[in-house]
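Asker: give me the fold of what follows.
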Amino acid sequence: MLEAVKELNGYHKHETLGNEKNGHSNGKAAAASRPETPAKAKEAIETAVRAILTNVGEDPDREGLVGTPNRIARMYDEILAGYETDPVKLVNGALFDVDYDEPVIVKEIEYFSMCEHHMLPFFGRAHIAYIPSDKVIGLSKIPRIVEMFARRLQVQERMTRQIAEMIDEILQPQGVAVVVEGSHMCSMMRGVKKEHPRMMTSYMLGKYKEDRELRREFMDQLRK
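Answerer: As a prediction, this is how the structure comes out:
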């Protein structure tokens, strides 16, 4: 089961919203070539940042900026670490047999991500529910799944679906529901320049997709 999850994660790594139809990737998106080693990747990012600084009219060698290319390269290594996360290691066997078939709800999971359109942050909270078939996952693993997908260049719609599909693949539950709230700096700092817009996305699978009353109960829980 977890090997299938690992394949799913690799499939998700480079899919794009534009390649999706009816909410699913067509699987044809390909990874751009990247340097052979992390050191070479870091060097390439530093070179690119120096070029940006120069082309916006700055001096990349002045005191306040001389270390900026290195800092940004290290920052990207941290905030985009989700590409390299191994879901098998993330779950680490924390699946437990249960005799329980009522909803499990994990609310208010904070996340930070990067919009792939402008490479500006978006952030907010994710709320997740699933109805077990015969297994539950360790409580700490759900926020880590959210973090794995958030720490990438993302769009909120795709991230919402990816979280739901991963949980569904791991647990094969009776149903999965994911609701994500997000504030996007690309609409707060530029464009419409509104200070408090909040975007909400949802993705439902199994019983949560089929049963309107079950969806309503989940949404009511989020309002409490």
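Asker: I'd like the distance between the nearest residue to Asp134 once chain neighbours are set aside and Val106.
Answerer: Nearest residue to Asp134, sequence neighbours excluded (C-beta to C-beta, 6 or more residues apart in numbering): Asp97, at 6.1 Å. (C-beta placed from N, C-alpha, C; glycine too.) Note on Asp97: its distance to Val106, by C-beta to C-beta, to the nearest Å, is 19 Å.
Asker: more neighbours, the two?
Answerer: Neighbours were tallied for Asp97 and for Val106 using other C-beta atoms under 10 Å; the higher tally belongs to Val106 (17 against 9).
Asker: check contacts around Val104.
Answerer: Residues near Val104 by C-beta atoms under 8 Å, 6 or more residues apart in numbering: 129-132, 136.
Asker: domain map for the protein?
Answerer: Domain segmentation of the chain under automatic domain parsing yields 38-79, 90-223.
Asker: what would these look like in JSON lines with mean pLDDT?
Answerer: Converted to JSON lines, the domains of the chain look like this (pLDDT from 0 to 100):
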{"stretch": "domain 38-79", "mean pLDDT": "96"}
{"stretch": "domain 90-223", "mean pLDDT": "95"}
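Asker: deepest-packed of those domains, please.
Answerer: Mean neighbours per residue, mean count of other C-beta atoms under 10 Å, is largest over the domains of the chain for domain 90-223, with a mean of 17.
Asker: starting at the chain centroid, how far to that one?
Answerer: Centroid displacement of domain 90-223 relative to its chain, using C-alpha atoms, centre = their mean, to the nearest Å, is 9 Å.
Asker: gap between the two ends of it?
Answerer: Its start and end residues considered, domain 90-223 measures 30 Å (C-alpha to C-alpha, to the nearest Å).
Asker: now do the longest helix anywhere in the chain: which elements does it pack against?
Answerer: The single longest helix within the chain, with elements called by DSSP state H, is helix 38-55. Judged by 3 or more C-beta pairs under 8 Å, 6 or more residues apart in numbering; DSSP states H and E, helix 38-55 is in contact with helix 68-79.
Asker: what residues does the helix it packs on touch?
Answerer: Outside helix 68-79, the residues that touch it by C-beta under 8 Å, 6+ apart are 38, 42, 45-47, 49-50, 53, 60, 112, 114, 151.
Asker: can you tell me which of those residues is nearest Met185?
Answerer: Met114 (9.5 Å; C-beta to C-beta).
Asker: and that closest one, how far from Leu53?
Answerer: In this view, Met114 and Leu53 are 19 Å apart by C-beta to C-beta.
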